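Visitor: Sequence and predicted model, in that order:
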Amino acid sequence: MTLTSNPNRTYAAAHFALELKGVDQIGMFRSVEGGGIKADVTTYQQGGIYDKWRQLGKPKFEDLKLQVGMAMSAPFYRWIADFFTGVPTRKDGTIIAADFYYKERARRQFSEAMIKELAFPKLDASDKNTAYMTVTLAVEDMKFMPPAGEVVQQAFGNESQKSWKACNFRFTLDGFGDIFHRVTKVEGFSVKQNVLEYHSGGRRTATLSPSAIEFPQLSFSLPEADAQPLLDHFTKRGVKGEVPGRFNGHVETYDNEKTTKFTMQFINADILSIAPDKSDSGTEEIKQVKVDIYMESMTFKYESDPEV
């Protein structure tokens, strides 16, 4: 047997794919982290005997962290949309690792997975690099399986993955006119859902139950020359104690052809902080103002989903 024909030879994983039960291949993602299996060690000691006995306790399955861009299909983004609305959608699926030639070399099957956290990247008008978000999955079971030896589909390849740039975004708050067309940055944020472990009877693994979703504070920056309407609102709301009303808004991302990809709407938001950048006579940068807002809830929409 030659080296090239040995199916067990070492390899460098270059491509990763996700499959969900009942759905065709979901797509390619940039990286995967976690998904290991571990068990605690239980120690016993009897009476005055100094000897100790040890055995393995219940197994635990590490969270899966997927770094994804645009190379996923609509069912995956629909799963994210359900997560934002508090719907605890559970999925069974498989993580596939492939080599440089897209040939499958390893697979891990998981069951009863729920989205636990979505970390959205920083958006910056001066950053032309590809943007990725990190999706964390909590799973109830994980199995390491031998590869099927098939070639992973490339329907969602690197070109789709790279079509989302950090500089391609629009930020809007309702009721403030067109002052946001020059927003330069939206800081990264995370939406989290606590997952509780429930142990019952003689079952060795825990059942996972979803808890409340935590929506983040959101920070963005815009030129100080455009910030006066926001300053007026915060003076009325935060300083004088008036109630001018809260607002809704959204962050919209698009590709180089100006085609909208994601839209994240935030609901019942208000300003909690406005801070001008440091003033320095030695700099030539445009003076910016950083604004922090809180919100009660968010929604996520994948614009290319045919079911939306």
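Guide: Happy to help now that I have it. Note that the structure is predicted; figures quoted are calculated from it, not measured.

Visitor: distance between stretch 180-190 and the chain's centre?
Guide: Put simply, stretch 180-190 sits 17 Å off its chain's centre (Cα atoms, centre = their mean, to the nearest Å).

Visitor: mind listing what's buried in that stretch?
Guide: Using 16 or more other Cβ atoms under 10 Å as the test for burial, stretch 180-190 gives Phe180, Val183, Thr184, Lys185, Val186, Glu187, Gly188, Phe189. No exception for glycine: its C-beta is placed from N, CA and C like everyone else's.

Visitor: Same question for stretch 143-150.
Guide: Neighbour counts using 16+ other Cβ under 10 Å place Pro147 of stretch 143-150 among the buried residues.

Visitor: what sits up against that stretch?
Guide: Contact with stretch 143-150 is made by Pro7, Thr94, Ile96, Lys103, Glu104, Arg105, Ala106, Arg107, Arg108, Gln109, Phe110, as judged by Cβ atoms under 8 Å, 6 or more residues apart in numbering.

Visitor: Show me just the buried residues among these.
Guide: Thr94, Ile96, Lys103, Glu104, Arg105, Ala106, Arg107, Arg108, Gln109, Phe110.

Visitor: Now the two most distant members of these.
Guide: Greatest spatial distance in the buried ones among the contacts of stretch 143-150: Lys103 and Phe110, 21.8 Å, computed using Cβ to Cβ.

Visitor: sorry, back to before: please produce TSV containing the buried ones among the contacts of stretch 143-150, extended by distance to Val151.
Guide: Below are the buried ones among the contacts of stretch 143-150 laid out as TSV (distance: Cβ to Cβ, whole Å):
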residue	distance to Val151
Thr94	15
Ile96	11
Lys103	6
Glu104	7
Arg105	11
Ala106	14
Arg107	14
Arg108	19
Gln109	19
Phe110	22
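
Visitor: In strands only, show me the residues you listed.
Guide: Within the buried ones among the contacts of stretch 143-150, residues falling in strands by DSSP state E are Thr94, Ile96, Glu104, Arg105, Ala106, Arg107, Arg108, Gln109, Phe110.

Visitor: out of the residues you listed, which one sits closest to Met72?
Guide: Out of these, the member with the shortest distance to Met72 (by Cβ to Cβ) is Ile96, at 13.6 Å.

Visitor: what's the pLDDT at that closest one?
Guide: On the pLDDT scale, Ile96 is placed at 87.

Visitor: Please name the residues that touch the nearest residue to it once chain neighbours are set aside.
Guide: Distances taken as Cβ to Cβ, 6 or more residues apart in numbering put Ala17 closest to Ile96, at 4.4 Å, once the chain neighbours are dropped. By Cβ under 8 Å, 6+ apart, the residues touching Ala17 are Gln25, Ile26, Gly27, Met28, Phe29, Ile95, Ile96, Ala98, Val152, Gln153.

Visitor: Likewise for Arg107?
Guide: Going by Cβ under 8 Å, 6+ apart, Arg107 touches Thr94, Ile95, Ile96, Ala97, Phe144, Met145, Pro146, Pro147, Ala148.

Visitor: Which one of those is nearest to Thr263?
Guide: Nearest to Thr263 among those: Ile95, at 28.0 Å, using Cβ to Cβ.

Visitor: Number of residues surrounding the closest one?
Guide: When neighbours are defined as other Cβ atoms under 10 Å, Ile95 has 20 of them.

Visitor: Could you look up the SS state of Leu230?
Guide: Following DSSP: H, G, I helix; E, B strand; the rest coil, the label given to Leu230 is helix.

Visitor: show me the contacts for it.
Guide: Per Cβ under 8 Å, 6+ apart, neighbours of Leu230: Phe176, Ile179, Ile271, Ile274, Val289, Val291.

Visitor: Give me the subset of the residues you listed that lies in strands.
Guide: Counting by DSSP E, the contacts of Leu230 place Ile271, Ile274, Val289, Val291 in strands.

Visitor: neighbours of the closest residue to the third one other than its chain neighbours, just the number please.
Guide: Leaving aside its sequence neighbours, Val289 sits nearest to Ala227 (Cβ to Cβ, 6+ apart; 4.3 Å). Applying other Cβ under 10 Å, we find 20 other residues in the vicinity of Ala227.
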